[in-house]
Every structure is written in structure tokens, then in C-alpha cells.
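Visitor: Sharing a model that was predicted from the sequence below.
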Amino acid sequence: LLCNLLCCCCCWSCEARVCERLNLSMTEAKAVVELLNQPPFSKNYSLISFDALEPLALLQVLNDVLAEMGPEHKVRLRDEDPEESLARMLGLLQVLKYKPGIPIKDFRTRLIAGQKDVLYPILAWLLPNLEQHKKRAYVGRFLARINVPPEVLQNDEVASTHDKYNQLLQSFMEIHKQVEALRNSVFSGDDIKKDIRMMEQELTTLTKRTERMREKARGFPNYEEMMSAARRVRMEQVREGELQQQFHEQRAQCERALEKHDRVLEHLREVKDTSISSHGGVEALMDRVYQENKMVKYIYEEKLPQAIESSQKQLGELRKVVQLPSMFKDDLDRLRDQISGLTGDISKLIERKMMGNDNPDDKLTLFRKQASMVARKKEATANKLKEQQDELAKVEVELLQKKKESGSEAGMLKADEFKKYVAKLRTKSTDYKTKKAELNDLRAEYLVLTKTENTLKEEHAELAEQLGVLEKKAGIAGYEQTQEELEKVSAEKSQTDEQKGITLDEISDMVKELTSTINSKRASLAPLITKLRTTREQSQALETEYDEKKAAYDHVVQSMEGSTSTLDQEVRAYREELAAEESRYHYLHNMIMIMKVQDQRVKEELQLYVSSQSNDNKRKKPVRDIYAKKIQEQENLGRHLREKQKVVQDSHDANMRQLEMWRDLTLLMKCKTAASNDPGPKEMFSVEEDRLVL
């Protein structure tokens, strides 16, 4: 018993230490381990074995939990780049709206390193509400909005695509809400089946009714013409819907085109106004266009290539950084030291270059400095121009939005309207000036009154001190103060009494109005109340009658369902028996037909055989004679072949020797032709005697 107690205490202390390391409470840690041990994970962990997991194994556990929320997370972390794993996990946690308790930079580094103080709280947050997180991940994947800059939305195609995108998002949200409502609805399966059955019955009745109506309509004259006219009407209705949709789309395009036209007209008016208001006229306008063209050319030829080159360099550096393995704090410190050393070297080289350029004999230094100053000024003005253009684009977008919100379709003011507007502004400016002068007079008067008030307060304070001294001498100190307080209290009391009287009068009037309205409503509602009582009694009677009829209907339906089920079983059995009997009937019928054919052939053979014995001159012979003749021919052929085989076997050896002799002869002739063609000595090929052996 003591050993068991010690073991329990040790286990409890180990679990407590594990929970302290997990930065979780005991109940949360046990809940996490229990949920991981349950399906669909089935990890079979304990608190101690769960705490002993390596960082990569713990990250794999988190990835398995995330894989239950989306199929794209079903990967092995050993086969995936750490940066891709980090981006994938952070994206899903952002969709699920997880809020870490540390800064996001530290959270990223600790998450990719697999530290337990970051992973355990994530698991404790995910596992208890796994189904809810699944639903949020599924919905968040489709509801992630794309932020499009307003200057990009000026394009018509982009704007229409963005509108369609927003419409699809709204439709998805509505459909998802409907699906969730249907899933959470209280309708049972039996009710739905009954509804389906009733709808099928209604469908059959409607089809029968339509068939009857069709049969009746076929008797009318011009039936086919009326049906074709109805089809054309339906097609025209469909076409009308399509045309309406096209009309709405073209109307939206027309509105966008009008907005673009208004913007162009406004720009044209501004250009005309500037050309008219400028003293030089057309020449000043051309000079301005030339300057703008020159600035655009500078931006296009010098500024943009530099920006593109710098962005490409930055992109290449970022790609190199992405391809590098994950860095830790020591690597970052080393890189910072290298950067600081390189910046120091660069500053020293710049100082040396500047010292080398300070040669008094060099006459080009002044021009170089001026050129660098001009280049810097050009770059600064180009940057300022870019900022102002961006600001102008934003202001134009805001102006369009304001115009849309205000609903004003008119663009610039006309000349008469502008004159009226200027006259109105002048009258308003004169009113403003008069009001401002009055306000200044009032402010001066206010200053005078404040000064007089201060002087009067000072005099009042002095008189009050003197009065206090006199009251003390007379033995009635505080008389003046009490007198003022009594006057204030009496004034307040009179005001409250007046307010009470007013409120009492109002309350009495309201009570009278309420009583009159109540009486009128009672008088008007009295017949309705009596009618309601009678209808309530009727509804109660109808409800009881409905309950009785429903009970009888349910009983009849149950009995009919039972009888229909038995009848269905019997019909099914009879159909199976019928199918078996039909197959047996067809088989026997085919066998009888085959036997009949064979019997007929036998009878014909007998007739032929008998007729062949009585009359041998007939052309048609029986099958027996035909096959006997064929057997005789085959026997003769076999006999002839056996004789031929015997002859071949007898002459086989002699023929083989003859073949060998012919082969030797051909070889000998080849050797002689080779010797006769060879120009060398022929003594070694001389033969005393030629022999030919056959």
C-alpha cells in the first residue's frame, strides 16, 4: 500500500511539473491529451510521453490537428520546406482568429522552432472546439476578401469582375446560412418522408389531370397551332429574361462610360480654363505640355528603370533569402555584425573618395557637384510629382464616390449658374463681414462688462467685509448670509411649486385623455370580444373534432401501410415466381422446337433412305450414303498415304547419302574455283587423279 501511495505521489508530482512546463492547468492538459487519444487522432499519449515529444514531432501533431480542418494540411513536415509550413499554419490560424499572447515576430520564430510554450496553448485552444473551428476554416476559405486598390478599380473589366466577386460572396453567405438553418431545423425524417409522399401523390394527381386536360384539348380545333403558340410564348418569356439581364449589364456599362466621359470633359474644361486664364494663351499651354512631356520622359527613361532595377535586385535578394535555410538568433547576430562592418568600410571608402575629389587643380569638381545637385533636385521633384499624382488619383476617387453618394449627375457648372453662385458667395461674404463686425463689437462689450463685473464683485466683497464687521459689533454675525439663503430657498420653493402645479395639470389632462381613449377602445372592442369568444368556442370544438379525425386518419394510415406492406411482399413473391416460370417456359419451348427439328430431319432421312432403295436414279441421296462415301474416300486416301510413307521410309537412307554427296561436290567445286582464281603457286593444290563419287 505504501509503495502504491508513493507511486501515485510521484506520478502526480510529474504530471504537475509537466503542466507547469506546458503553461496549462491540470484540467486543460488532461483534456488536450484525452482529445488527442480519441478518434480521429488516436495518438495514445500520456502527459509524460506527450511532454517528451521532440519539437518536430510536436509540430507534426499540430499539423495533424490542422489537417482535420482542411485537406491541404495533410503533409509530412519532413518533406516540406519550413517556411512553407509556417506560412500555411499561420494562414489557417489567422482565418481561425487565433490571438497569441506574445508579439507576432516572436510567435513566428517560436512556432517554426517547435517550442512548447507556443504549441501547447494552440492545441488547448483548437481541440475543445474542433467542429466549430472546422466550420470556420471551411467558411473562411471562401470568404477571404481580396483588397483591390481603388486606382485599379477604375478599369471597367476589373470593376465588373470585382462586383461579380462580391455578389458571389453574398450568395455563398446566404446559401451557407440556409444550409445551416436546414441542418439545425426541427423537422424529423418521418415528417420529410410524409411530405415527400404527399408531394408524390399530388404529382401523380397533377399528371393525371394534365393528361385528361390534354386529351380534352386534343379535340379542340387548331390544337397544334395553339401548342406551338404556347411554346413560342414560353421561349419569348425566357428570351425576355435574358434581354432584361443584358439591358441591366449594358446600362451599368453605359453608366461607367458616362462617368468616364464626364471625367474627360472635366479634364478638357480644366485645360481650356488654364489656356484662357494664362497670359500667353496657346503658347503658354504648349509650353506647359512640353514641360509635362519632358517630366514624363525623365520619369520613363531615368526614374522607372532605376526603380525597376532596384525592385528586381530586392526581389532577387528576397528569393535568395527564401531559398536559405531557417536562421536562428546566432545567425542573425552574425549577419548584423557583417552588415555593420560593411557599412563602416563603405563610409571609409566614401570619405577617401571625397578627399581624393578635393583636388584644387581639378576643374571638373565644381561641375560634378552641380550635376549631382541637379540630379538630386530632379529626383526629389520626380518623387514629389509622384506623390502629388498619387494624391490626385485618391482625391479623384473620393470625388467620384462623393458624387455617387450625393446622386448629382451634373458635372461642371454652366456660365449663368456660375455667375449666380458667385453673386451668392458675395452676398454671403458681406453678411459674414457684417456678422463678424457685430461679433467684434459684442466681444468688446463683453470685455467691458466682464471688467465692470469684476470691479463690482470686488466692491461687493469689500462691502460684505464691512457689513460682517458691523454685524459682529452688533452681535448678529451672519445675518446677511442667512437672509440671502432664505431668499434663495423661497425662490426655489416657488419655482418647484409652479412646476408641480404644471405637472399636476398635465398629468390630470393625460389621465382624462387616457380614460376617454380606453372607454372608446372598450366600446369599439366590445363586439369584437363577443365575436372572439364565439370563434374561440368554435375553434375549440374544431380542434377536438380535428384531433378525433386525425387519430382516425392515423389509425387508417397505419392499417393501410401494414396491409400495403404485406401486399407488396406478396406481389414481389408472385413476380419472382412469374419470372421463374417464364424462364422455364421459354427453356422448354426452345427444347421442344429443337426436338421437333431433329424429329423432322430423322423423318426426312428415313424417307430418303427408303426412296433411295426403291429408286436409285434420284439425285438427292440420304445422309447415310453421303457419309459412307466420304468415309470410303478418306480410307482410300489414308491407304495411299501409308503406301507413300513406306516408300519414303525405304528410300530415306539412300536419299540422305545422296544429299551428303551433293554437299561434298558443291564444296569441292567451290574450292576448285577459289584455287583457279588465286594467282599464287599451284603446286600445293595439285592432285594426281580426279575422282567423282556419286
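Guide: Looks like it arrived, so ask away.
Visitor: three-state assignment of Ile476?
Guide: Using DSSP: H, G, I helix; E, B strand; the rest coil, the secondary structure recorded for Ile476 is coil.
Visitor: And Arg234, by the same measure?
Guide: Per three-state DSSP, the secondary structure class of Arg234 is helix.
Visitor: Now do the contacts for it.
Guide: With contacts taken as CB atoms under 8 Å, 6 or more residues apart in numbering, Arg234 has no neighbouring residues. Yep, even glycine has a C-beta here, placed from its N, CA and C like the rest.
Visitor: how near is it to Glu224?
Guide: Between Arg234 and Glu224 the distance is 16 Å, computed by CB to CB, to the nearest Å.
Visitor: what helices or strands is the strand or helix carrying Val511 leaning on?
Guide: Element membership for Val511, per DSSP states H and E: helix 479-614. Contact here means 3 or more CB pairs under 8 Å, 6 or more residues apart in numbering; DSSP states H and E; on that basis helix 479-614 packs against helix 415-474, helix 623-650.
Visitor: can these go into CSV with extra columns for mean pLDDT, distance to Met661 and mean neighbour count?
Guide: As requested, the helices and strands packed on helix 479-614 are arranged in CSV below (pLDDT from 0 to 100; distance: least, CB to CB, whole Å; neighbours: other CB atoms under 10 Å):
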stretch, mean pLDDT, distance to Met661, mean neighbour count
helix 415-474, 82, 133, 10
helix 623-650, 88, 19, 10
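Visitor: possible to save those as a markdown table with distance to Met510?
Guide: Output for the helices and strands packed on helix 479-614, formatted as a markdown table (distance: least, CB to CB, whole Å):
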| stretch | distance to Met510 |
| --- | --- |
| helix 415-474 | 43 |
| helix 623-650 | 128 |
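Visitor: right, and the ones you listed - which one's nearest Val556?
Guide: Each of those was checked against Val556 via CB to CB, and the shortest separation belongs to helix 623-650, namely 73.9 Å.
Visitor: elements contacting that closest one?
Guide: helix 479-614.
Visitor: What segments of the stretch 101-250 of the chain are helices?
Guide: Using DSSP state H, counting those that start in this stretch, the helices assigned to the stretch 101-250 of the chain run over residues 104-113, 116-126, 130-143, 156-183, 189-218, 223-277.
Visitor: now the angle from the helix holding Val511 to helix 623-650?
Guide: Relative orientation of helix 479-614 with respect to helix 623-650: 90 degrees, computed using axes from the mean of the first three to the mean of the last three CA atoms, to 10 degrees.
Visitor: Quick check: which of the helices and strands packed on helix 479-614 is nearest to Tyr300?
Guide: The stretch from the helices and strands packed on helix 479-614 with the least distance to Tyr300 (CB to CB) is helix 415-474; that distance is 37.9 Å.
Visitor: Quick one: list the elements packing against the closest one.
Guide: helix 479-614.
Visitor: And the one helix or strand Val397 maps to, how far out from the chain middle?
Guide: Under the criterion of DSSP H and E, Val397 resides in helix 365-406. For helix 365-406, the distance between its averaged C-alpha position and the chain's averaged C-alpha position is 38 Å (CA atoms, centre = their mean, to the nearest Å).
Visitor: next one: stretch 210-226
Guide: With CA atoms, centre = their mean as the basis, the mean position of stretch 210-226 lies at 51 Å from the chain mean.
Visitor: how near is the residue positioned nearest the centre of the chain to Thr161?
Guide: Averaging the C-alpha coordinates of the chain gives a centre point, and the residue nearest to it by CA atoms, centre = their mean is Phe142 (2.4 Å). When distance is defined by CB to CB, Phe142 is 17 Å away from Thr161.
Visitor: and Glu236, how many residues sit next to it?
Guide: Here the neighbour count serves as a burial measure; for Glu236 (other CB atoms under 10 Å) it reads 11.
Visitor: residue contacts, it?
Guide: Contacts of Glu236 (CB under 8 Å, 6+ apart): none.
Visitor: Ok, Ile146 next?
Guide: Contacts for Ile146 were tallied using CB under 8 Å, 6+ apart; they are Tyr165.
Visitor: was I right about Leu59 contacting Val75?
Guide: No: when contacts are counted by CB atoms under 8 Å, Leu59 is not listed as touching Val75 (11.5 Å).
Visitor: Overlap of the contact sets of these two?
Guide: Among the neighbours of Leu59, those also in contact with Val75 (CB under 8 Å, 6+ apart) are Ser85.
Visitor: neighbour count winner among these two?
Guide: Between Leu59 and Val75, counting by other CB under 10 Å, Leu59 is the more crowded of the two (22 against 14).
Visitor: what helix or strand is the more buried one on?
Guide: In the assignment (DSSP H and E), Leu59 maps to helix 55-67.
Visitor: what's that helix packed up against?
Guide: Helices and strands touching helix 55-67, as assessed by 3+ CB pairs under 8 Å, 6+ apart, comprise helix 82-95, helix 116-126.
Visitor: just the angle between it and helix 116-126, please?
Guide: With the same axes, to 10 degrees as the criterion, the two stretches helix 55-67 and helix 116-126 enclose an angle of 20 degrees.
Visitor: Identify the residues contacting helix 55-67?
Guide: Residues external to helix 55-67 that are found in contact with it (CB under 8 Å, 6+ apart): 36, 41, 43, 53, 73-78, 85, 89, 92, 113-116, 119, 122-123, 126-127, 130.
Visitor: Buried subset of those, written for ChimeraX?
Guide: Provided next is the ChimeraX selection string for whichever of those are buried by 16 or more other CB atoms under 10 Å:
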select :36,41,53,73,77,85,89,92,114,115,116,119,122,123,126,127
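Visitor: per-residue confidence at Gln569?
Guide: The per-residue pLDDT reported for Gln569 equals 88.
Visitor: Sorry, slip of the keys, the one I care about is Gly411.
Guide: For Gly411, the pLDDT comes out at 49.
Visitor: just Glu582 next, same as before
Guide: Looking at Glu582, its pLDDT stands at 91.
Visitor: What is the burial count for Gln658?
Guide: Neighbour count of Gln658, defined by other CB under 10 Å: 12.
Visitor: Relative to Val158, how far out is the residue nearest to His162 when sequence neighbours are not counted?
Guide: Of all residues not flanking His162 in the chain, Val148 sits nearest, at 5.8 Å (CB to CB, 6 or more residues apart in numbering). Taking CB to CB as the measure, Val148 falls 7 Å from Val158.
Visitor: can you check Thr530 too?
Guide: Applying CB to CB, the value for Thr530 to Val158 is 69 Å.
Visitor: Can you pull out the low-pLDDT segments for the stretch 51-200 of the chain?
Guide: For the stretch 51-200 of the chain, residues meeting the criterion pLDDT under 70 lie at 150-152, 154, 183-190.
Visitor: In contact with the residue nearest to the centre of the chain, which residues?
Guide: Each residue near Phe142 by CB under 8 Å, 6+ apart is listed here: 169, 172.
Visitor: can you do 7 Å?
Guide: When the contact criterion is CB atoms under 7 Å, 6 or more residues apart in numbering, the partners of Phe142 are Phe172.
Visitor: begin at 669 from here
Guide: I'll keep to 669 as the first residue from here, and by that count the last item is Phe810.
Visitor: so where is the stretch 869-1018 of the chain shaky, pLDDT-wise?
Guide: Screening the stretch 869-1018 of the chain residue by residue with the criterion pLDDT under 70, one finds the ranges 939-950, 952-953, 990, 992-997.
Visitor: same question, the stretch 1219-1362 of the chain
Guide: Low-confidence segments of the stretch 1219-1362 of the chain (pLDDT under 70): 1280-1288, 1347-1362.
Visitor: quick one on the thing from earlier: let me have the helices and strands packed on helix 723-735 in JSON lines, adding distance to Glu1160 as columns.
Guide: JSON lines is the format used below for those (distance: least, CB to CB, whole Å):
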{"stretch": "helix 750-763", "distance to Glu1160": "63"}
{"stretch": "helix 784-794", "distance to Glu1160": "62"}
